[in-house]
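Peer 1: Pasting a predicted model and its sequence here:
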Amino acid sequence: MLNPYRLQNSIRSFTTRSIVSQKFLTPNELISKTKQEQLENQQFQSQLRQNQSPYSPKTLTSHTTYQENHKRPIPLNVELLQYKPLRLPQTHGDEVATLKLRGYNDDDLIRMGEFALRSAYYLGIPMSKLTSLKTEKRLYTVIKSPFAQAKTKQNFHRVTYNKQLVAYDANPEVVDLWLSYVNRYKLQTVDMKATVVAREGLDYNEELSKLKDFEFPQAYEGLEDPVAQKVKELLQSDEFKKTL
């Protein structure tokens, strides 16, 4: 019996570097900008204090943990930070995404991996444990002196740690939301790479060949962003259709 679904992999890479073009400000402009930000912050804090709702919890258990100097209980999600991340059980065991973490500090990888596990738990995504992959060790030997005939050399030892998370049994929209959330609050010292598994029918190529025009997403309609306009131009070009 033929399988009515076909696996199709797509790789998405997340880089930890972001290039931001920032205009240099004059001293007067910097002072005025700082004062404006302070004024907006004060207005925001005053608005928060005005519309405070009274604290009246409806459900309290014997296991509720309270703060030391206040009568307010500690939220459950904050208290769970003291324990290992919770994981949901798998329903079918279908792999939908693989997230690989790479960096030079093992503690940062563990911290980022636990953050990804906790966010996946609250989004309802069954996850695997944070598994360690092969550790890469490299030794670089360079001449210590700037002269080519120098005999003194210096060694540099670099250790790169790798860890992996696997997501199961989740919708593509939820997986995209999880990956975008993890990518938004990533650590600068950790490089992440995600592999997403998409399932299509056996007649995927036939349905794709019948498409004449590729519609632009409605969220980008009416935008004056040059990048969005370029994407729209590429989707409607004949070269893109031939390549696809």
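Peer 2: Perfect, I can see it now.

Peer 1: how about the residue nearest the centre of the chain, secondary structure?
Peer 2: Note on the chain: the residue nearest the mean C-alpha position is N183, at 1.9 Å, using C-alpha atoms, centre = their mean. Judged by DSSP: H, G, I helix; E, B strand; the rest coil, the three-state class of N183 is helix.

Peer 1: just checking, it touches M192?
Peer 2: Yes - the pair N183 / M192 is scored as a contact, 6.8 Å apart, by C-beta atoms under 8 Å. Glycine gets a C-beta too; all of them are placed from N, C-alpha and C.

Peer 1: Just to be sure, S180 is in a helix?
Peer 2: Yes - judged by three-state DSSP, S180 forms part of a helix.

Peer 1: give me the number of residues near it?
Peer 2: For S180, the count of nearby residues is 10 (other C-beta atoms under 10 Å).

Peer 1: Run through the residues that contact it.
Peer 2: Residues near S180 by C-beta atoms under 8 Å, 6 or more residues apart in numbering: none.

Peer 1: Can you read off the pLDDT for it?
Peer 2: pLDDT, S180: 91.

Peer 1: if I look at it, how far off is G124?
Peer 2: Using C-beta to C-beta, to the nearest Å, S180 is found at 16 Å from G124.

Peer 1: cool, T26 as well?
Peer 2: 51 Å.

Peer 1: Which one's more surrounded, the two?
Peer 2: For the pair T26 and G124, the greater number of neighbours falls to G124 (12 against 8), based on other C-beta under 10 Å.

Peer 1: residues contacting T141?
Peer 2: Contacts for T141 (C-beta under 8 Å, 6+ apart) come out as 153-156.

Peer 1: quick one, helices of this structure?
Peer 2: In the chain, the helices defined using DSSP state H lie at 27-50, 76-79, 106-122, 172-184, 204-210, 226-235, 238-243.

Peer 1: Would you tell me which of the ones you listed gets closest to D94?
Peer 2: Of all the helices of the chain, it is helix 172-184 that lies closest to D94, at 11.6 Å by C-beta to C-beta.

Peer 1: can you state the direction angle for the closest one and helix 106-122?
Peer 2: For helix 172-184 against helix 106-122, the angle by axes from the mean of the first three to the mean of the last three C-alpha atoms, to 10 degrees is 150 degrees.

Peer 1: Which elements pack onto the lengthiest strand in the chain?
Peer 2: Assignment by DSSP state E gives strand 153-168 as the longest strand of the chain. Identification of packing neighbours for strand 153-168 by 3 or more C-beta pairs under 8 Å, 6 or more residues apart in numbering; DSSP states H and E yields strand 95-103, helix 106-122, strand 131-132, strand 136-143.

Peer 1: Please list all residues in contact with V159.
Peer 2: Neighbours of V159 in contact, by C-beta under 8 Å, 6+ apart: 104, 135-137.

Peer 1: and it, what are its bridge partners?
Peer 2: Going by DSSP bridges, V159 is paired in beta bridges with K137.

Peer 1: same question, V166
Peer 2: T98.

Peer 1: What pLDDT is listed against Q236?
Peer 2: 74.

Peer 1: Would you confirm that E114 contacts M127?
Peer 2: No - E114 is beyond contact range of M127, at 10.9 Å (criterion: C-beta under 8 Å).

Peer 1: Look at the two and report which has more neighbours.
Peer 2: Taking other C-beta under 10 Å, E114 and M127 do not tie; M127 has more neighbours (26 against 14).

Peer 1: got a list of what that one touches?
Peer 2: M127 neighbours (C-beta under 8 Å, 6+ apart): 87-88, 116-117, 120-121, 165-168.

Peer 1: before we move on, what about R111?
Peer 2: By C-beta under 8 Å, 6+ apart, R111 lies in contact with L187.
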